[in-house]
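K.L.:
Return atomic coordinates for the entry below.
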Amino acid sequence: MGQKLKITGWIAAGAVAGVLTTVSLQTVARGSLAPLPLEELQQLAAVFGMVKSDYVEPIDEKKLISDAISGMVAGLDPHSQYFDKKSFKEFREGTTGRFVGVGIEISQEDGLIKVVSPIEGSPAFRAGLKPNDLITKIDDTAVRGLSLNDSVKRMRGESGTKVLLTIFRKDENRTFPVTITREEIRTQSVRGKVMEPGYAWIRLSQFQERTVDDFVKKVEEIYKQEPNLKGLVLDLRNDPGGLLDAAVAISAAFLPENVTVVTTDGQLAESKSVYKASPEFYQRRAGSDPLKGLPAGLKTVPLVVLVNEGSASASEIVAGALQDHKRGTVMGSQTFGKGSVQTVRPLGPDTGLKITTARYYTPSGTSIQAKGIVPNVLVDESAEGSPFAALRMREADLEKHLSSGQGAEVKDPEREKARDDARKRLEEEAKKPPQDRKVPEFGTDKDFALVQALAKLKGNPVVVSNTQVERKEEKKEN
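P.N.:
Below is the predicted model:
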């Protein structure tokens, strides 16, 4: 989910080793002396020694310590994480929107890898891969039986190396090999188009380093094609979040200057912050405002913000800010509810710690955590409703999730019943032929929620959900 990527300097990496040899060590905890729990740390040292000497086979010391750190951090909440070399590299790729690979968006279908879309200009795009192509083999490895994540790892590699993909193209009923040379890929987190005269749609799939610049370019393209824009849909569905400064910038693009976008609160002084719709809160380079060239009409154009259960963290910040300032109508389903801030601190040149340091609050002071944003207008994902929404994980479903910090949580007795009903429907749906199970892509004329958003902008009747209700924060068992 979203991260406040804030590098605050190197942290001493020798603390554990020091504890093994002395009982008088103290550590400075962010400006105040905090004595270490020496008895417990001596136990940790004793366990480390026993595992080293008594375990059935030799254990790598570095891995043992790395696993101990991982377990300590994982016990805090679902979003705090220790990054080893590999995971730190993957995290950095996720926030920059850059990675080395072939350049395709993929999903799974019938045990195979389905090409959703080749990224424009990528090696896969140049090689002629098309949406709905199925990948059956990666080099000499059959795809069937591999997880989606394993398939992604096999297609990624060093820049300049080659990968052989075996493609089955259904509409041509043929299988053929394609050799692709890997290169650095820049993912596209912004899509958009004029849907019909006067009305446009912009979708953000993630908040990355390039998102703000790409958003500005897309807005300029739309206004060039449609100077007299009457309404805009900002689509944040299934956007898991990303960088805080990008969320502040996107909010600022629509809001009056200097109004509050989001506040944070935590133990540290630096965690008690107010972020406003002003360049100093989102610009990456001094004196450079990436929003400076935006059309003036963007501040006043009628706006609908589409969200669903997959909209989390940074997307919830944007939706909450626009909703609280009455700048747009939020439509869709209640969002994920990830209202916590993660700060990333390096532990060395290639390892780091992502730790939860604060909670997010909307401009009105409402915590997003374990509740999310409740839309102004609840709209289903299809004309038949949202039959599988109950199966989707939200923050409140995650083990060890933080509470909102704003009062007691309420248990919903209908939750498990709704899940059982959704599971039964999913089983029936799985029996249908694949062509009958396809979910319409976002941004098409078959996108039910988008059609309702456009109706709202035009002042036409909207098909409001008659099944969705606000989900209260669930009570955590002590």
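
K.L.:
Quick check: the residue most central in space within the chain vs R203, distance?
P.N.:
For the chain, the residue whose C-alpha lies nearest the mean C-alpha position (C-alpha atoms, centre = their mean) is P240; its distance is 2.1 Å. Taking C-beta to C-beta, to the nearest Å as the measure, P240 falls 13 Å from R203. For the C-beta atoms, the positions are set from N, CA and C on the backbone; glycine is no exception.

K.L.:
Model confidence for K85, exactly?
P.N.:
On pLDDT, K85 comes in at 84.

K.L.:
Sorry, slip of the keys, the one I care about is G97.
P.N.:
The model's pLDDT for G97 equals 63.

K.L.:
Use 125 as the first number for this chain going forward.
P.N.:
All set: I'll call the first residue 125, so the last point we hit is now G221.

K.L.:
And stretch 326-338, how far out from the chain middle?
P.N.:
12 Å (C-alpha atoms, centre = their mean, to the nearest Å).

K.L.:
buried stuff in that stretch?
P.N.:
I326, R327, L328, S329, Q330, F331, Q332, E333, R334, T335, V336, D338 (16 or more other C-beta atoms under 10 Å).

K.L.:
Equivalent analysis for stretch 479-492, please.
P.N.:
I479, T480, T481, A482, R483, Y484, Y485, T486, P487, T490, S491, I492.

K.L.:
Pick out the most distant pair among these.
P.N.:
I479 and P487 (25.7 Å; C-beta to C-beta).

K.L.:
residue ranges with poor pLDDT in the stretch 425-574 of the chain?
P.N.:
511-518, 521, 523, 529-564 (pLDDT under 70).

K.L.:
low-scoring stretches of the stretch 175-324 of the chain, by residue?
P.N.:
Across the stretch 175-324 of the chain (using pLDDT under 70), the flagged ranges come out as 217-221, 244.

K.L.:
which stretches of it form helices?
P.N.:
185-198, 209-220, 247-250, 272-279 (DSSP state H, counting those that start in this stretch).

K.L.:
So for A520, which of these sits nearest?
P.N.:
helix 185-198 (18.9 Å).

K.L.:
and P255, how far is that from E233?
P.N.:
12 Å.

K.L.:
With S177 instead?
P.N.:
S177 is 51 Å from E233, where distance means C-beta to C-beta.

K.L.:
Quick one: classify Q592 as helix, strand or coil.
P.N.:
coil (DSSP: H, G, I helix; E, B strand; the rest coil).

K.L.:
What sits closest to it if chain neighbours are left out?
P.N.:
For Q592, ignoring the flanking residues on the chain, the nearest one in space by C-beta to C-beta, 6 or more residues apart in numbering is L502 at 4.3 Å.

K.L.:
Same check on F378?
P.N.:
According to C-beta to C-beta, 6+ apart, the nearest residue to F378 is R451 (5.4 Å).

K.L.:
and that neighbour, what is it in contact with?
P.N.:
By C-beta atoms under 8 Å, 6 or more residues apart in numbering, the residues touching R451 are F378, L379, L427, A445.

K.L.:
In helices, which of those appear?
P.N.:
Residues of the contacts of R451 located in helices (DSSP state H): F378, A445.

K.L.:
If any of the contacts of R451 are buried, give me the PyMOL selection for them.
P.N.:
Command for PyMOL, covering only those of the contacts of R451 found buried under the criterion 16+ other C-beta under 10 Å:
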select buried, resi 378+379+427+445
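
K.L.:
Need the contacts of R451 in a markdown table (columns: distance to S437).
P.N.:
Listed next are those as a markdown table, based on distance: C-beta to C-beta, whole Å:
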| residue | distance to S437 |
| --- | --- |
| F378 | 19 |
| L379 | 19 |
| L427 | 21 |
| A445 | 13 |
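
K.L.:
Among the contacts of R451, which pair sits farthest apart?
P.N.:
L427 and A445, at 11.9 Å, using C-beta to C-beta across those.

K.L.:
For stretch 178-196, buried residues please.
P.N.:
A192, I193.

K.L.:
before we move on, the earlier item: state the three-state secondary structure for the residue nearest to F378.
P.N.:
Assignment for R451 (three-state DSSP): coil.

K.L.:
picking up where we left off before, anything in contact with each of P364 and R327?
P.N.:
Joint contacts of P364 and R327 (C-beta under 8 Å, 6+ apart) do not exist.

K.L.:
coming back round to it: of all the helices of the stretch 175-324 of the chain, which one is nearest V431?
P.N.:
Of all the helices of the stretch 175-324 of the chain, helix 209-220 comes closest under C-beta to C-beta, at 21.2 Å.

K.L.:
G245: which of the contacts of R451 is nearest?
P.N.:
For those, the nearest to G245 is F378 (29.2 Å; C-beta to C-beta).

K.L.:
wait, isn't the closest one in contact with G452?
P.N.:
Yes - when contacts are counted by C-beta atoms under 8 Å, F378 is listed as touching G452 (7.0 Å).

K.L.:
May I have the beta-bridge partners of the closest residue in space to Q349 that isn't next to it in sequence?
P.N.:
The shortest distance from Q349 to any non-neighbouring residue, by C-beta to C-beta, 6+ apart, is to V318 (5.3 Å). Taking DSSP bridges as the rule, V318 bridges to A324.
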